[in-house]
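Participant: Next comes the sequence, and after it the predicted model I'd like to discuss.
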Protein chains: 4
Amino acid sequence: MPAGRVTSFPAHTAQDPGFEARVRASFARQRFMATIGARLLRVGAGEADIELAVREELTQQHGFLHAGALAAAADSACGYAALSLMPAGAAVLSVEFKVNLLAPAAGDRVVARGRVIRAGKTVTVCWGDVTAYAGDTERLVATMVGTMMTVRDRGLTD
Amino acid sequence: MPAGRVTSFPAHTAQDPGFEARVRASFARQRFMATIGARLLRVGAGEADIELAVREELTQQHGFLHAGALAAAADSACGYAALSLMPAGAAVLSVEFKVNLLAPAAGDRVVARGRVIRAGKTVTVCWGDVTAYAGDTERLVATMVGTMMTVRDRGLTD
Amino acid sequence: MPAGRVTSFPAHTAQDPGFEARVRASFARQRFMATIGARLLRVGAGEADIELAVREELTQQHGFLHAGALAAAADSACGYAALSLMPAGAAVLSVEFKVNLLAPAAGDRVVARGRVIRAGKTVTVCWGDVTAYAGDTERLVATMVGTMMTVRDRGLTD
Amino acid sequence: MPAGRVTSFPAHTAQDPGFEARVRASFARQRFMATIGARLLRVGAGEADIELAVREELTQQHGFLHAGALAAAADSACGYAALSLMPAGAAVLSVEFKVNLLAPAAGDRVVARGRVIRAGKTVTVCWGDVTAYAGDTERLVATMVGTMMTVRDRGLTD
């Protein structure tokens, strides 16, 4: 565990036993995740981890990962953490998120971890963090707190 | 002007008369902007506009633009709005930003506009908004407020 | 108008013609607004302005207004801007807000202005700004973007 | 520990061995903390806990604690967590914070806990959470992530 990662979250119970397959199928439809080379690692009840290889195509002007690429991975991690707790048939939309950039993101790869802080009927609040790995070292490079909404009956499915 | 765009900002004066060339050169080094197909439109003192064509490669699971793609464009727009007011030799880094998603982003293209609300010696606060255009219609789809930092003497240049 | 205030917002139409009385009655029930000496100035459709006299009781350690006092006034201004557009019988709750502090808040009084950026059925996004007045001068000291929720059938009324 | 509290944070080492006295003296100068009846409980390196008794004077229109009162306590907790790691002679100012409201805040008292996520030379990022206590039960009611700035040579001391 990297110094600085915030790691204790409540345990959650999923309403839909098929949540993992549902999350993985939805992730597979996110074309932007493929475009940035993101991979969905672990999915748990209220949890989702997404890995992003550090590639030149994702950098900002100083050669670090662009904050937008970090935000994309963390937003999807938070969104899928939230979706894992929603009932079958619901869809998830991001309402808002804030990203704090803690250190320049470089290395081999980053992992964005999304965790549900509180799941409500309509609104779910998630924590996200992004850790960069370079060989044996790791560093917390960004945090997110975001609000996700459970959407029904708008013609959207996840 | 789209209903809903927030548009009045203070007028700023750039310290560096060469700000526009500096901003454009830095934007050209942002590989991630090329990856998502973003184009730097207008650069003014305290202002930068970035256009993103709506393409399938940028979508989330429902076919809308991924919030991360919107955040990337808005973050760069805010960062370059801030950089335009910084002295030559300084570099810009994002400290934090919050994005509120107002409506699903679809259409032909979106424009992210960054505007400096307050420029300080170390910290600059920016407003960003993202408007989606579909034929003759337009819609505000996201807002951002972000903090940018002026960096000197860390081996970074912009 | 102070340099730096963001001032253009969409025009809104209230669903409930009695919105002003409803907002004023709800404000009068906010004991915390009385505690900090806040006064509700103007109420419009999608707009609310709250004034706070600068008093020692509201200061932080350097003698400026505490960020929490600014946040309280701006949160109420945003919440009542949102409530003004909600149907009669609904109640408003804050989901989240971010405050950026732009300058130390001092002077005679501050005015927090809340404006609706986008009103949705469930979620309303608002802009808030806080301007400090000292004699003839004024200064934008804080901004807020916040999310407000329309609540029905939870035993809450506004 | 309440279900839902995020509790693992990095261990920090204070530069100034007299940090606790410095934090307590600064807190005692925050008139607004006295106004809302806040008490500084624990101070550690990178940590500060502030207690607020639930009183009618602090409520919003439905009788819950006003989000501004929660924000005030959490902002001070985050600011003092940050100050504890700053060198003697430095002062702390809030740059920005976001608050997510998770549940209505009621009960006997709330405790706002501030923890440093990352301490930099200029900018420190903190986590804050607010837990409400009612008899034997407790509930996480709000979270904060905020940015604090180390200020020197502006005539401010803490």
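Facilitator: Structure's in. What do you need? Numbers count the residues shown, from 1 in each chain, chains lettered A, B, ... in the order given.

Participant: How far off centre is the helix or strand containing A:Thr143?
Facilitator: Taking DSSP states H and E as the criterion, A:Thr143 maps to strand A:137-151. Mean-position distance between strand A:137-151 and its chain equals 6 Å (CA atoms, centre = their mean, to the nearest Å).

Participant: Same question for it: list its buried residues.
Facilitator: Within strand A:137-151, the residues scored as buried using 16 or more other CB atoms under 10 Å in any protein chain shown are A:138-151. Every residue, glycine included, has its C-beta placed from N, CA and C.

Participant: Strand D:137-151 and that one, what's the angle between them?
Facilitator: Counting by axes from the mean of the first three to the mean of the last three CA atoms, to 10 degrees, strand A:137-151 points 130 degrees away from the direction of strand D:137-151.

Participant: all helices of chain A, in order?
Facilitator: For chain A, the helices defined by DSSP state H cover A:19-29, A:31-35, A:67-83.

Participant: For chain A, what lies in contact range of chain C?
Facilitator: Applying CB under 8 Å from any CB of the partner chain, we find that chain A lies next to chain C at A:95-96, A:98, A:122-123, A:125, A:147, A:149.

Participant: and if we set it to 6 Å?
Facilitator: When proximity is defined as CB under 6 Å from any CB of the partner chain, chain A approaches chain C at A:96, A:147.

Participant: Contact residues of chain A facing chain B?
Facilitator: Proximity of chain A to chain B is confined to A:26, A:29-32, A:35, A:56-62, A:66-69, A:71-72, A:75, A:94, A:96-101, A:156 under the rule CB under 6 Å from any CB.

Participant: what about burial for those residues, which qualify?
Facilitator: Among the residues of chain A next to chain B, those classed as buried by 16+ other CB under 10 Å are A:26, A:30-32, A:35, A:57-62, A:66-69, A:71-72, A:75, A:94, A:96-101, A:156.

Participant: Contacting chain D as well, which ones from those?
Facilitator: When contact is defined as CB under 6 Å from any CB, these meet chain D at A:98, A:100.

Participant: The residue nearest the centre of chain A - nearest residue in space that isn't next to it in sequence?
Facilitator: For chain A, the residue sitting closest to the mean C-alpha position, by CA atoms, centre = their mean, is A:Ala77 at 1.3 Å. Excluding its sequence neighbours, the residue lying closest to A:Ala77 (CB to CB, 6 or more residues apart in numbering or on different chains) is A:Gly114, at 3.2 Å.

Participant: Which residues are in contact with the one you found?
Facilitator: Residues near A:Gly114 by CB atoms under 6 Å, 6 or more residues apart in numbering or on different chains: A:48, A:77-78, A:81, A:126, A:128.

Participant: Please render the helices of chain A as TSV that adds mean pLDDT to the earlier fields.
Facilitator: Conversion of the helices of chain A to TSV gives the following (pLDDT from 0 to 100):
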stretch	mean pLDDT
helix A:19-29	98
helix A:31-35	98
helix A:67-83	98
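
Participant: Adding distance to C:Asp108, write those out as a markdown table.
Facilitator: Output for those, formatted as a markdown table (distance: least, CB to CB, whole Å):
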| stretch | distance to C:Asp108 |
| --- | --- |
| helix A:19-29 | 54 |
| helix A:31-35 | 50 |
| helix A:67-83 | 39 |
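
Participant: wait, which of those helices is closest to C:Arg118?
Facilitator: C:Arg118 lies closest, by CB to CB, to one member of the helices of chain A: helix A:67-83, at 19.3 Å.

Participant: where in chain A is pLDDT low?
Facilitator: In the predicted model, chain A carries pLDDT under 70 at residues A:1-8.

Participant: try 50
Facilitator: Applying pLDDT under 50 to chain A flags the ranges A:1-5.

Participant: since we're on A:Lys121, how many residues are nearby?
Facilitator: Residues within reach of A:Lys121, counting by other CB atoms under 10 Å in any protein chain shown, total 8.

Participant: contacting residues for the residue lying closest to it once chain neighbours are set aside?
Facilitator: Distance criterion CB to CB, 6+ apart; nearest residue to A:Lys121, sequence neighbours excluded, is A:Thr150 at 6.9 Å. Listed by CB under 6 Å, 6+ apart, the contact set of A:Thr150 reads A:86, A:90, A:122.

Participant: roughly how far apart are A:Thr150 and A:Asp129?
Facilitator: As judged by CB to CB, to the nearest Å, A:Thr150 and A:Asp129 stand 23 Å apart.

Participant: Walk me through which strands the strand holding A:Thr143 pairs with, and which way each runs.
Facilitator: As defined by DSSP bridges, the strand partners of strand A:137-151 come to strand A:91-101 (antiparallel), strand A:123-134 (antiparallel).

Participant: So A:Leu58 sits against A:Phe64, correct?
Facilitator: No - checked against CB atoms under 6 Å, the pair A:Leu58 and A:Phe64 is beyond contact range at 9.4 Å.

Participant: Can you report how many residues lie near the closest residue in space to A:Ser84 that isn't next to it in sequence?
Facilitator: Nearest non-adjacent residue to A:Ser84, counting by CB to CB, 6+ apart: A:Phe19, 4.5 Å away. If you count neighbours by other CB under 10 Å, A:Phe19 ends up with 21.

Participant: if we can go back for a sec, let me know the closest of the contacts of A:Gly114 to chain C.
Facilitator: Nearest to chain C among these is A:Cys126, at 11.9 Å by CB to the nearest CB.

Participant: Quick check: the gap between that closest one and A:Ser76.
Facilitator: Distance, A:Cys126 to A:Ser76, using CB to CB: 11 Å.

Participant: How about A:Ala28?
Facilitator: Separation of A:Ala28 from A:Ser76 (CB to CB): 12 Å.

Participant: With neighbour numbers in mind, choose between the two.
Facilitator: The neighbour count for A:Ala28 versus A:Ser76, taken as other CB under 10 Å, is higher for A:Ser76 (29 against 12).

Participant: which ones are touching that one?
Facilitator: A:Ile50.

Participant: Try it again at 8 Å.
Facilitator: Taking CB atoms under 8 Å, 6 or more residues apart in numbering or on different chains as the criterion, A:Ser76 is in contact with A:27, A:30, A:33, A:38, A:48, A:50, A:112, A:114, B:60, B:66, B:68.

Participant: Likewise for A:Gly135?
Facilitator: A:107-108.

Participant: Return the distance of it relative to chain B.
Facilitator: Using CB to the nearest CB, to the nearest Å, one obtains 21 Å as the distance from A:Gly135 to chain B.

Participant: Could you do A:Ala88 as well?
Facilitator: According to CB to the nearest CB, A:Ala88 and chain B sit 15 Å apart.

Participant: any idea how far that residue is from A:Val23?
Facilitator: Taking CB to CB, one finds A:Ala88 at 12 Å from A:Val23.

Participant: Looking only at neighbour counts, state which of these two leads.
Facilitator: More crowded of A:Ala88 and A:Val23, by other CB under 10 Å: A:Val23, with 26 against 12.
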